[in-house]
Every structure is written in C-alpha cells, then in structure tokens.
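Enquirer: Kindly generate the corresponding structure for this input.
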Amino acid sequence: MLKTKAIITILGSAGGVAKSVLSILNKSVQDHEDPIHNVIRDAVIYLIDHNQKESSYYSALFPHLFNQFRIMNFDLHNLPLFQKHLRDSNTSIVLDVSWADTVEMLQCCNELGIQYINTALENKMVDDNEDEFEGFPLMERLRIFEENKSAYTNMKGIVCSGMNPGVVQWMAIERMKAMKEPPLACYIVEHDTSFFQDETVAKENCVYTTWSPECFLDEAILSFPMMMKEKTPLFLYENVYDLEFKVTLGEVTFNGCLMPHEEVYTLCRRFNMEGGFLYKVNDHTTTLIRNNLDDVDKIWDFPMETLDPGKHPLIGKDLVGVLLVYNDRELYMYNELSNQEIYETYQTNATYFQVACGIYAGFASLLLDPLPNGVRYVDELLTETGSRYGEYVQYYMKDFVVGKNDTTDGLLLDRMKKM
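Expert: Predicted coordinates for the structure are as follows:
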C-alpha cells in the first residue's frame, strides 16, 4: 500500500503488453470509480525502453496520461544506470513488462525498498545459453528465481501476474470453493483463434501469434511437454506438437498441446494436483510447426510477427481459463474475448488485453492493499494475504463463463492423442 504520491517506472514501455496496460491506465485516470483513479491521477510515470517510441506515439494513444509521462531510452542491462534512475526519480513502484532479467530487477528494487510487479520470469543467462538449457528453459528460470526469492525482504512484489500466469490462478482458487474435496487435477486451458480478417495478408512460412512469437516458440519447440504430479514437474520425451490433449468446457471442445508454464508449477505444487497447460493457437501456426517437426530448429529462422489489429484487422477470440477435474465431474471457468471488440475500446488484441488485466490487478493490490513484505506468485498472494486481486481483475475483465461437466475425460494421459 502506497501512502505517498506514486512515482511509477514502466519497463519495456514500447512493447505490446505495455501498450495494453497504458490503455487501461488511460481509462483509469478518467474514471472516478476506478479503484486506482486517485493514485493514477496524481502519479508521475517514467517510460523506459531500449528501443523507445517517439513521444507522438504516446500522445496519440494515451492523451489523458501524456502530461504525466517522462520518456526515457536506455538498456536495462546497464544496472548502474537503472539504479541511478530509481534513486533520482524516487520511484515507488516498478511495472516490468520487459525482457530484463527478473532477478537483477528485483535485487535493484529490494535494495531501495521499491515495489515491483511483472508478468513472467526472465533470465538473461538462460536466454544467452539456449542450447545448454534446451528442453527445460522454464525450469532453469524458476530454479534461479526461487534460489533468490527469500532474500527479497525489503520490498513488496508480485511476479507472473498476467493472464496465464496470473488471472488463471485466481480462477482456479475461485472454482475450488465450489467443492469441499480438492480436485485431482487442474489444467490451464487456452484456445486462441485470432487471425487476420483477410487471410491473404498472411505469409506462408511466418510464425503468427498474439504475443511474443519468440517466447511462444520457447514453449512450443524449445521445451519438452511438462506436467505436474505429486508436486513434481514431469516431462514427456516428445515434441510438444506431436501430442494433443482433449479439453471440454461445456459445449466448447478443443485439443490443446501440453506446454510448460509458470502457473502450472506454482499452483499444482501448492495444492498437490496434477496439472498442465493445454494450448491451441491459430491453425496457420499450428500447421507450420507440424510441417517442420523433422527439423524444428529451422523455424527459428522463419519470419515472425505478432498479430496487431492496428496493422491489419483481426477476427477470432482468445479463450483462457481453468478446468478442475474430480472423480466424476469437472468444473471450469474461462474468459473469452473478441479481438474486434477489444480493439475498438483499447487499441490492442484480446491476448494482450487479458495480460494487462492481470498486471492491473496486481498493480492495484500493491498500491491499495496492506501486503506484507516479500515477493509472491499470484497463488501465494491469494492464499497468504488479504489481497483484493479478484475484485481488481473484474473491474476491466467483465465476462467469465462458469460451469461444470457431469462426466470427466480423466487425467492427462487419458486425454492424450499422438498426432
């Protein structure tokens, strides 16, 4: 909880996630009912990126915030310069949506008692040595972060608070309240049908995703499929795209691929459930990967593009949610957003808006809630503190589908189909 004027530093301000977060904050500053309106109205906001946008970009998209912006251009690998900025600006909270090393950013914030939030774990050493950690890059990022996590005692922080990880942990914990018995399994599920309205725009051998294609490929072709069992991460010795797993959410059904994800590790370790992340992206990218499974390394040389409705109109939706499995039934909860509707209001795609809602919720909790010191995952935040995270999530993310299946498709291996 902040008791003084907020000095906010946003890292990676020129990227797609930052654009979505700033779009929400541009609404917050106009909306007197918004939980953080009074904080944002009086805040100073520093925007940092190593490949910074022109001021005209920010003034056109975020006119109600623009006078509060201080635009800066430097590389976050320059830690002395970053530390100097934090001191000189008297920053009170860092919102990190960059690729900067998470542990390094946290160490800087902890030294000065600055609050911190991000959407994912980043690690420069892992990124620079992909061959060494091939198959297991996420586990190495988690290992390094958790070796350092207990040292952050001079600050308050939330890590991995986007949509997934982030909002999905809140969904899972909300749905668990409906049953006295614990679930056998919790699957994080996502079906993203986003693509160009005019499909002729698409280039044949281009990787298209609604978020960072490089980060997507880390999960899709650099990693082995990961599941959790008995609080232990287990890996299948298969290509991610050689397997599919059935997902049923009432009348919605699809087959997703099993990919490693932070929230699967943290949530299933905490509640001792089987778990996995089952993800289906657009058919174009799915087909491209499957056509190149004999040599996936060459996919890294293909062109890559984030689906941006500001460049070409998009159709389709992104559905993200949770599926809890019990002996004789399944419970589910999901959010599904249309690219066309989100773009009309927030000038971004559905995926980035969902991520931004998770950042907003964690950001609001740091600003408004009396949290104890320490850095927490979202599931830890929800079970160990009095955070009103779920209330903040629902301020901008309005539509959730909640339901049950009267039968079950079973655990992961029961759902598996080899392609």
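
Enquirer: State the distance from the residue of the chain most remote from its centre to Lys177.
Expert: Distance from the centre of the chain peaks at Asp328, with 31.2 Å (Cα atoms, centre = their mean). Per Cβ to Cβ, to the nearest Å, Asp328 is found 19 Å from Lys177. From N, CA and C alone the C-beta is placed, and that goes for glycine too.

Enquirer: remind me, longest helix of this structure?
Expert: Counting residues, the longest helix found in the chain (DSSP state H) is helix 350-368.

Enquirer: For that one, what does the pLDDT average out to?
Expert: Average pLDDT, helix 350-368: 98.

Enquirer: give me every residue that touches the residue farthest from the centre of the chain.
Expert: By Cβ atoms under 8 Å, 6 or more residues apart in numbering, the residues touching Asp328 are Thr407, Thr408.

Enquirer: Does Ile173 touch Leu381 like I think?
Expert: No - between Ile173 and Leu381 there is no contact under Cβ atoms under 8 Å: 10.3 Å.

Enquirer: burial of the closest residue in space to Asp406 that isn't next to it in sequence, as a residue count?
Expert: Leaving aside its chain neighbours, Asp406 sits nearest to Arg329 (5.9 Å; criterion: Cβ to Cβ, 6 or more residues apart in numbering). When counting by other Cβ atoms under 10 Å, one arrives at 14 neighbours for Arg329.

Enquirer: My guess is Arg329 contacts Gly403. True?
Expert: No - between Arg329 and Gly403 there is no contact under Cβ under 8 Å: 10.8 Å.

Enquirer: what packs against the helix or strand Thr248 falls within?
Expert: Per DSSP states H and E, Thr248 falls inside strand 243-249. If contacts are counted by 3 or more Cβ pairs under 8 Å, 6 or more residues apart in numbering; DSSP states H and E, strand 243-249 sits against strand 185-192, strand 252-259, strand 274-280, strand 317-325, strand 330-338, strand 401-405, helix 412-415, strand 416-418.

Enquirer: again, only using 6 Å
Expert: When contacts are defined as 3 or more Cβ pairs under 6 Å, 6 or more residues apart in numbering; DSSP states H and E, strand 243-249 packs onto strand 252-259, strand 416-418.

Enquirer: Point out the most buried one among those strands.
Expert: strand 252-259 (a mean of 20; mean count of other Cβ atoms under 10 Å).

Enquirer: for Leu288, helix, strand, or coil?
Expert: When classified by DSSP: H, G, I helix; E, B strand; the rest coil, Leu288 comes out as helix.

Enquirer: Neighbours of it, how many?
Expert: Leu288, neighbours per other Cβ under 10 Å, totals 18.

Enquirer: Just the pLDDT at it, thanks.
Expert: For Leu288, pLDDT reads 98.

Enquirer: just Lys3 next, same as before
Expert: 61.

Enquirer: hmm, back to that, can you pull the buried residues of the longest helix of the chain?
Expert: 350-368 (16 or more other Cβ atoms under 10 Å).

Enquirer: Run through the bridge partners of the residue nearest the centre of the chain.
Expert: The chain has Gly162 as the residue nearest its centroid, 3.4 Å off, counting by Cα atoms, centre = their mean. Gly162 has these beta-bridge partners by DSSP bridges: Gly166.
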